[in-house]
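**Student:** Kindly generate the corresponding structure for this input.
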Amino acid sequence: MALTFIGGISGAVYFALFTVILQTQIDRGVLGRVFSVYMSLAILPSMFGLLGTGSVADSIGITNAFIFGGGVIALTGVLSLMTPVVMGLERKEI
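**Tutor:** Below is the predicted model:
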């Protein structure tokens, strides 16, 4: 339960920061279209991800599937902090 709480807080922070990055880096005239395409593309793979997660959970167990998924998400966050392009976004001119 505590990890789900932390994940929920982390998700809120991530989406707030991601929204700010999009709003500062994308031309305002196309911002609505960018958000629309982003959300459409972000939701589409969830169907395949759920199917894949079901197969993984059947073979390694639901607990291990959650641990593995959380580890992948944490690794992605750490790697993004080590990516110079991501860390230099605030220095770009609008």
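**Student:** Output the below-cut-off pLDDT ranges for the chain.
**Tutor:** 92-94 (pLDDT under 70).
**Student:** And the helices in it, which stretches?
**Tutor:** Per DSSP state H, the chain carries helices over the ranges 2-25, 31-60, 62-81, 84-87.
**Student:** which of the residues in the third one are buried?
**Tutor:** So that's helix 62-81. A65 (16 or more other Cβ atoms under 10 Å). All C-beta spots, glycine's among them, are computed from the backbone N, C-alpha and C.
**Student:** how far is that helix from where the chain is centred?
**Tutor:** Chain-centre distance of helix 62-81: 11 Å, with Cα atoms, centre = their mean, to the nearest Å.
**Student:** Extract the C-alpha set from it and format it as CSV.
**Tutor:** Taking Å, rounded to 0.1, in the frame of the first residue of the first chain, the C-alpha atoms of helix 62-81 are listed here in CSV:
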residue,chain,number,x,y,z
ILE,A,62,1.7,-11.5,-9.7
THR,A,63,3.9,-10.3,-6.9
ASN,A,64,7.1,-10.8,-8.9
ALA,A,65,5.4,-9.2,-11.9
PHE,A,66,4.7,-6.1,-9.8
ILE,A,67,8.3,-6.1,-8.5
PHE,A,68,9.7,-6.5,-12.0
GLY,A,69,7.5,-3.7,-13.4
GLY,A,70,8.4,-1.4,-10.5
GLY,A,71,12.0,-2.0,-11.0
VAL,A,72,11.8,-1.2,-14.7
ILE,A,73,10.0,2.0,-14.0
ALA,A,74,12.6,3.0,-11.3
LEU,A,75,15.4,2.1,-13.7
THR,A,76,13.8,4.3,-16.4
GLY,A,77,13.6,7.2,-14.0
VAL,A,78,17.3,6.9,-13.0
LEU,A,79,18.4,6.6,-16.6
SER,A,80,16.4,9.7,-17.6
LEU,A,81,18.3,11.6,-14.8
